[in-house]
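Asks: only geometry, no sequence info:
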């Protein structure tokens, strides 16, 4: 599952720093745009995972076109983070569930991974 948020990049000296208007205190920096973007993805992953683990609400991302209050040299871009690795490293717990027989048979015919689909759906629901 991916999350995508708009981030504001700021130039400072020879490097950059960036923050997410929707995620208070979530920011990072780097020596260039590529380095800052990489660090910002990591910060976004950690921030959202922390919210989920602490049963806090994950804010909805703003529309990038709504972020217009920028100073000279600042720019906005979307930053994505993949939370799949987090879902895969957590201790697994067994869950019993019930679905309609026709849905079970259709999924089996397509060789779908029930556990992975449930994990992705739960992460998507939690990140709303």
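Replies: Now that the structure is in, tell me what you want to look at. Values in this document were obtained by computation on a predicted structure and should not be read as measured data.
Asks: element containing residue 45?
Replies: In the assignment (DSSP states H and E), residue 45 maps to helix 33-53.
Asks: Buried residues, that helix. List them.
Replies: For helix 33-53, a neighbour-count test (16 or more other Cβ atoms under 10 Å) marks 36-37, 39-41, 43-45, 47-49, 51-52 as buried. Glycine gets a C-beta too; all of them are placed from N, C-alpha and C.
Asks: Check which helices and strands it sits against.
Replies: Applying 3 or more Cβ pairs under 8 Å, 6 or more residues apart in numbering; DSSP states H and E, one finds that helix 33-53 contacts strand 2-12, strand 15-19, strand 27-30, strand 75-82.
Asks: circling back: return the member of the buried residues of helix 33-53 nearest to residue 86.
Replies: Using Cβ to Cβ, residue 49 is the member of those that lies nearest residue 86, at 5.1 Å.
Asks: list the contacts for the closest one?
Replies: Residue 49 makes contact with 83, 86, according to Cβ atoms under 8 Å, 6 or more residues apart in numbering.
Asks: thinking in terms of the whole chain, how far from its middle is the helix holding residue 45?
Replies: From the chain centre to the centre of helix 33-53 is a distance of 8 Å (Cα atoms, centre = their mean, to the nearest Å).
Asks: try stretch 70-79
Replies: Centroid separation between stretch 70-79 and its chain, computed with Cα atoms, centre = their mean, is 19 Å.
Asks: wait, is residue 69 part of a helix?
Replies: No: according to DSSP: H, G, I helix; E, B strand; the rest coil, the state of residue 69 is coil, so it is not within a helix.
Asks: and it, how many residues sit next to it?
Replies: 8 (other Cβ atoms under 10 Å).
Asks: roughly how far apart are it and residue 112?
Replies: Distance from residue 69 to residue 112, counting by Cβ to Cβ, to the nearest Å: 45 Å.
Asks: How about residue 64?
Replies: 33 Å.
Asks: same check, this time on residue 38
Replies: 33 Å.
Asks: Kindly report the same for residue 100.
Replies: Separation of residue 100 from residue 112 (Cβ to Cβ): 15 Å.
Asks: Between these two, which has more neighbouring residues?
Replies: Between residue 100 and residue 112, counting by other Cβ under 10 Å, residue 112 is the more crowded of the two (12 against 8).
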